[in-house]
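[1] What follows is a predicted structure for the sequence shown.
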Amino acid sequence: MVLDYIITSGALALELLISFFLPFRCVRCGKEDVQLCMECADELIFTAPECLYCGGTAHHGKTHPYCKQRAMHFDFFISCFRYHAVLKYIFREYKYHGERVLIRVIRQLLQEYAQYNPFLSFELFRNKNILLIPVPMHRNKLRERGYSSSQSVAEILQKILQQTEYCRASVLHNIVVKVKQTKAQAQVKKFQRFTQQLGVFALQDGAQKVVSKLNVDLVVIVDDVVSTGATAQSLLETLKKGLHWPSHTQFVLFSLARS
Ligand SMILES: [Zn+2]
Ligand SMILES: [Zn+2]
């Protein structure tokens with residue numbers, strides 16, 4: 001059943017309802033009545049559109065033709081903010097604030113981004129059937145942490161896209177799983193980063209059936225923080241090698257922050 005795979009946003013709606021009753025305090029400085037105050041939000045730096053593969057400036061984050069030489073590539077890369085100061089602090093301190101507070105902050109950040117950056121009116125999204133796939137976490141890490149921030153980013157992004165009423169977006173969270181635990185990218189030397197990604201993800205049974213029914217125009221792989229892009233690249237290769245997609249399907253990497 002296709003519906004089995006699509007998150008009804010009930011869980012998120014419940015989170016938001018519960019979080020409504022939590023006291024608001026700026027996650028950074030503690031100022032009352034706001035989740036992220038104006039002064040702290042002012043420290044956020046929007047990321048200029050860039051090519052995922054060479055880091056050079058790229059219109060709408062479109063991968064340069066000469067960077068598409070690898071057999072499997074993302075067509076676009078959208079990253080909202082630089083991963084520094086205030087964002088680093090929020091992600092490092094999430095344990096003390098809890099999931100609900102982090103969801104509220106992510107929602108505020110994405111709304112802020114959508115307001116100042118017209119990526120939502122960008123032709124790429126218009127009249128498209130969009131499939132959002134959060135980068136899955138290994139089940140041990142998920143158990144340890146209790147929730148996936150990539151999934152929260154995907155669900156909030158879906159809501160923002162749905163509000164525009166010119167595209168359809170669904171979140172698929174379990175057609176692919178992470179089967180190999182990897183070290184945090186920061187702890188791995190650069191030349192090891194790509195080799196440690198081999199065999200990281202595996203498709204679930206029935207994934208092709210689900211994908212075939214959706215007639216997807218745009219696949220958006222969603223991550224919270226992207227550093228080298230090696231993890232997302234590995235997920236992309238698993239999805240492209242293991243599944244048949246319509247020939248017009250384009251692949252986008254979307255991340256809340258770029259480190
Ligand atoms: Zn503040
Ligand atoms: Zn490039």
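    Structure received. As the structure is a prediction and not an experimental result, all values here were calculated from the model. Ligands and ions are numbered 1, 2, ... in the order given.
[2] where are the low-confidence patches of the stretch 1-150 of the chain?
    1-23, 94-97, 118-122 (pLDDT under 70).
[3] Which parts of it are helices?
    In the stretch 1-150 of the chain, the helices defined using DSSP state H, counting those that start in this stretch lie at 2-5, 10-20, 38-41, 85-92, 94-97, 99-116, 139-145, 149-163.
[4] how about the third one, does it get close to ligand 1?
    Yes - applying C-beta under 5 Å from the ion, one finds helix 38-41 touching ligand 1 at residue 40. Glycine gets a C-beta too; all of them are placed from N, C-alpha and C.
[5] gap between that helix and the chain center?
    23 Å (C-alpha atoms, centre = their mean, to the nearest Å).
[6] and it, C-alpha only, in PDB?
    Provided in PDB are the C-alpha atoms of helix 38-41 (Å, rounded to 0.1, in the frame of the first residue of the first chain):
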ATOM      1  CA  MET A  38      15.700  38.700  16.400                       C
ATOM      2  CA  GLU A  39      19.300  39.400  17.600                       C
ATOM      3  CA  CYS A  40      20.200  35.700  17.400                       C
ATOM      4  CA  ALA A  41      18.400  35.200  14.100                       C
END
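[7] Tell me the buried residues in that helix?
    40, 41 (16 or more other C-beta atoms under 10 Å).
[8] again with stretch 157-177
    Within stretch 157-177, judged by 16+ other C-beta under 10 Å, the buried ones are 157-161, 167, 169-177.
[9] Tell me the one among the residues you listed nearest to ligand 2.
    residue 157 (24.0 Å; C-beta to the ion).
[10] my read: that closest one touches residue 222, true?
    Yes - look at residue 157 against residue 222 with C-beta atoms under 8 Å: they come within range, at 6.4 Å.
[11] what residues are shared contacts of the two?
    132, 254 (C-beta atoms under 8 Å, 6 or more residues apart in numbering).
[12] about what we covered before: how about the helices of the stretch 1-150 of the chain, which one is nearest ligand 2?
    The nearest among the helices of the stretch 1-150 of the chain, by C-beta to the ion, is helix 99-116 at 22.4 Å.
[13] could you give the angle of the closest one to helix 85-92?
    150 degrees (axes from the mean of the first three to the mean of the last three C-alpha atoms, to 10 degrees).
[14] what's stretch 236-251 in contact with?
    Under C-beta under 8 Å, 6+ apart, the answer for stretch 236-251 is 72-76, 124, 133, 176, 200-203, 207-208, 211-212, 215-219, 221, 253.
[15] Go ahead and build a ChimeraX selection from the buried members of those.
    Applying 16+ other C-beta under 10 Å to these, the buried members can be selected in ChimeraX as follows:
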select :73,74,75,76,124,133,176,200,201,203,207,211,216,217,218,219,221,253
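[16] among the contacts of stretch 236-251, which are in strands?
    If you go by DSSP state E, these have 76, 133, 176, 201, 202, 203, 218, 219, 221, 253 in strands.
[17] Isn't the first one up against residue 59?
    It stands for residue 76. No - look at residue 76 against residue 59 with C-beta under 8 Å: they stay out of range, at 10.1 Å.
[18] picking up where we left off before, farthest-apart pair in the ones in strands among the contacts of stretch 236-251, please.
    76 and 202 (25.4 Å; C-beta to C-beta).
[19] got the residues of the protein near ligand 2?
    51, 53, 54, 56, 64, 67.
[20] Generate a PyMOL selection restricted to the buried subset of those residues.
    Buried subset of the residues of the chain next to ligand 2, written as a PyMOL selection, criterion 16+ other C-beta under 10 Å:
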select buried, resi 51+53+67
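[21] Just give the number of residues close to residue 66.
    The local packing of residue 66 (other C-beta atoms under 10 Å) involves 9 other residues.
[22] residue contacts, it?
    Per C-beta under 8 Å, 6+ apart, neighbours of residue 66: none.
[23] roughly how far apart are the closest residue to residue 50 other than its chain neighbours and residue 156?
    Closest residue to residue 50 apart from its sequence neighbours, by C-beta to C-beta, 6 or more residues apart in numbering: residue 58 at 5.6 Å. Noted for residue 58: a distance of 25 Å to residue 156, by C-beta to C-beta, to the nearest Å.
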